[in-house]
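Undergrad: Return atomic coordinates for the entry below.
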Amino acid sequence: MFHSYPIEATANNWLHEAVIEIIGIIHTRLDNGERVFTTGTKPRKQQYWLALLPNNIDPRLRRWYGVRDRVLKYAKYLKKPIITQEQRLDILQAINNQNNIAGLLNNTSDITLINEAFPKVHEAAKELFLFCYGKLGDAGIRDAQYQMIYDSLLAKDCPFCGFGDMMNIAEASQDQDHYLAKSIYAFSAANIRNLVPMCMKCNRLHKKADDVIKNEANLRVTAFDPYACNATDISIEQSKIAEGVSSINPDWIISFVPPTPEAENWDRIFKIRERLKRDIFDECFERWFDGFLKKCLRERSKGLYADVISEDQIKGVLEDHRDSLLDDVGAGKDKFKPHLFNMMLNLFNSGNERVKSHIRDAVLGDEFR
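TA: Reported below is the predicted structural model:
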């Protein structure tokens with residue numbers, strides 16, 4: 001990721017925490033040999049539900065009958081005679097592990113799934129927590145989380161791809177992806193620590209329901225923590241430009257800075273290199289270089305360049321342009337513009353005659369094409 005989100009945006013997690021606490025109460029009562037009633041008339045269900053709620057629970061949960069019914073359905077499958085106390089401990093371990101988001105992403109917590117061993121419990125949990133995810137919207141929690149994240153962004157760009165639009169919440173409801181796929185890690189489906197806003201292209205075309213902590217070979221991989229990762233940048237300085245051709249057509253080589261396993265996994269999921277090559281550098285190269293040409297023309301017309309200019313002075317014009325871009329990196333695709341001119345400067349310094357000729361022509365006013 002190009003930068004992380006503020007961890008404060010995950011603080012309002014009361015609904016998820018409350019439901020997890022109630023599930024813990026159900027497990028404890030079953031383990032203690034107490035009866036947990038789950039079926040009956042609506043008044044009876046409400047009586048059973050209120051008996052499960054801790055005294056300090058948010059009063060809204062008393063009236064959220066959809067949550068009630070799904071918790072009781074989960075309990076119904078959990079108390080089946082075929083599920084032993086030891087197996088309930090396995091399920092409880094899955095609940096804890098699936099909500100250790102940081103540990104799952106950095107591979108310090110085991111992946112514990114129940115979909116094969118306890119398919120009905122898994123389906124009941126998925127139904128419950130997906131319903132709770134919907135209630136996060138009803139309670140305004142998701143909007144509040146998104147607004148805090150949106151306000152923290154200097155440029156309103158998606159930090160996953162670097163250039164996708166993060167929309168104002170007044171314009172449209174923004175995609176808040178389940179970073180750990182809800183179909184796999186059902187117990188974390190309403191945990192806002194697992195909800196991560198991203199642009200529509202990143203979410204719908206690339207991330208989709210991919211497992212961010214297991215690759216295509218089903219091997220465990222580490223992933224960026226969207227709320228606690230260091231910024232990653234890119235470099236295109238190793239890109240190649242062929243000598244002896246009339247136009248510059250770079251062979252883009254994109255490296256991650258710093259190079260980490262998390263960055264490679266980021267590329268696997270979001271196709272970062274492919275998208276930057278196609279949508280940024282191929283698409284914008286001529287426009288950005290044309291802007292440099294026009295700037296040189298303006299400065300030349302103002303008499304800012306000497307009639308006779310050395311190679312070092314020509315390089316200095318390129319450096320000044322690169323530095324001016326770094327002073328104001330802009331937003332969207334244009335924020336990657338400094339990388340292009342850093343690459344050109346690197347090739348100029350390495351003696352690439354094709355690049356030196358293009359820069360010289362731009363500064364001196366000779367024909368570019």
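
Undergrad: switch to C-alpha atoms for all contacts and neighbour counts from now on
TA: Will do.

Undergrad: Now do the buried residues in stretch 321-341.
TA: The neighbour-count check on stretch 321-341 (16 or more other Cα atoms under 10 Å) flags 321-322, 325, 329, 331-333, 335-341 as buried.

Undergrad: List of residues touching that stretch?
TA: Stretch 321-341 is contacted from outside by 155-157, 162-165, 235-237, 280-281, 285, 288, 292, 318, 342, using Cα atoms under 8 Å, 6 or more residues apart in numbering.

Undergrad: Please state the backbone phi and psi of residue 112?
TA: phi -120, psi 110 (degrees, to the nearest 10).

Undergrad: List the contacts of the closest residue to it other than its chain neighbours.
TA: Nearest residue to residue 112 in three dimensions, chain neighbours excluded: residue 94, at 4.8 Å (Cα to Cα, 6 or more residues apart in numbering). Shown in contact with residue 94 (Cα under 8 Å, 6+ apart): 111-114, 187.

Undergrad: Looks to me like residue 94 is in a helix.
TA: Yes: with DSSP: H, G, I helix; E, B strand; the rest coil as the criterion, residue 94 is part of a helix.

Undergrad: so how far is the one helix or strand residue 24 maps to from its chain's centroid?
TA: Per DSSP states H and E, residue 24 falls inside helix 14-31. Remark: helix 14-31 is offset 29 Å from the chain centroid, using Cα atoms, centre = their mean, to the nearest Å.

Undergrad: Which strands and helices lie in contact with it?
TA: For helix 14-31, the elements it packs on are helix 42-52, helix 65-78, helix 85-98, helix 119-138, judged by 3 or more Cα pairs under 8 Å, 6 or more residues apart in numbering; DSSP states H and E.

Undergrad: Could I get the average pLDDT for the second one?
TA: It stands for helix 65-78. Helix 65-78 carries an average pLDDT of 96.

Undergrad: cool, and the first one?
TA: Per-region confidence: helix 42-52 scores 93 on mean pLDDT.

Undergrad: Name the surrounding residues that touch that helix.
TA: Helix 42-52 has contacts (Cα under 8 Å, 6+ apart) with 22, 25-26, 36-39, 62, 68-69, 72.

Undergrad: which among those gets closest to residue 86?
TA: Compare each of the contacts of helix 42-52 with residue 86 using Cα to Cα and the shortest gap goes to residue 26, at 14.7 Å.

Undergrad: My guess is that closest one contacts residue 74. True?
TA: No: counting by Cα atoms under 8 Å, residue 26 sits too far from residue 74 to count as a contact (9.6 Å).

Undergrad: hmm, back to that, by neighbours, which of the contacts of residue 94 wins?
TA: Most neighbours among the contacts of residue 94, by other Cα atoms under 10 Å: residue 187, with 25 neighbours.

Undergrad: Pull the contacting residues for that one.
TA: With contact set as Cα under 8 Å, 6+ apart, residue 187 has these partners: 94-95, 98-99, 125-126, 129.

Undergrad: Please tell me how far it sits from residue 334.
TA: 40 Å (Cα to Cα, to the nearest Å).

Undergrad: quick one: low-confidence parts of the stretch 51-200 of the chain?
TA: Scanning the stretch 51-200 of the chain for pLDDT under 70 picks out 172-175.

Undergrad: spatially speaking, which residue is in the middle of this structure?
TA: Taking Cα atoms, centre = their mean as the criterion, residue 160 is the residue nearest the geometric centre of the chain, at 4.9 Å.

Undergrad: and that residue, backbone torsions?
TA: The phi/psi pair for residue 160 (degrees, to the nearest 10) is phi -80, psi -40.

Undergrad: ok, now which ones touch residue 194?
TA: Contact analysis of residue 194 by Cα under 8 Å, 6+ apart lists 101, 178-180, 188.

Undergrad: Distance check, it against residue 313.
TA: Residue 194 is 52 Å from residue 313, where distance means Cα to Cα.

Undergrad: Likewise for residue 192?
TA: Distance of residue 192 to residue 313, computed by Cα to Cα: 54 Å.

Undergrad: Between these two, which is the more surrounded one?
TA: Each of residue 192 and residue 313 has its neighbours counted (other Cα under 10 Å); residue 192 has more, 24 against 15.

Undergrad: contacting residues around the more buried one?
TA: Taking Cα under 8 Å, 6+ apart, one finds 10, 12-13, 16, 142 in contact with residue 192.

Undergrad: State the distance from it to residue 330.
TA: For residue 192, the distance to residue 330 (Cα to Cα) stands at 30 Å.
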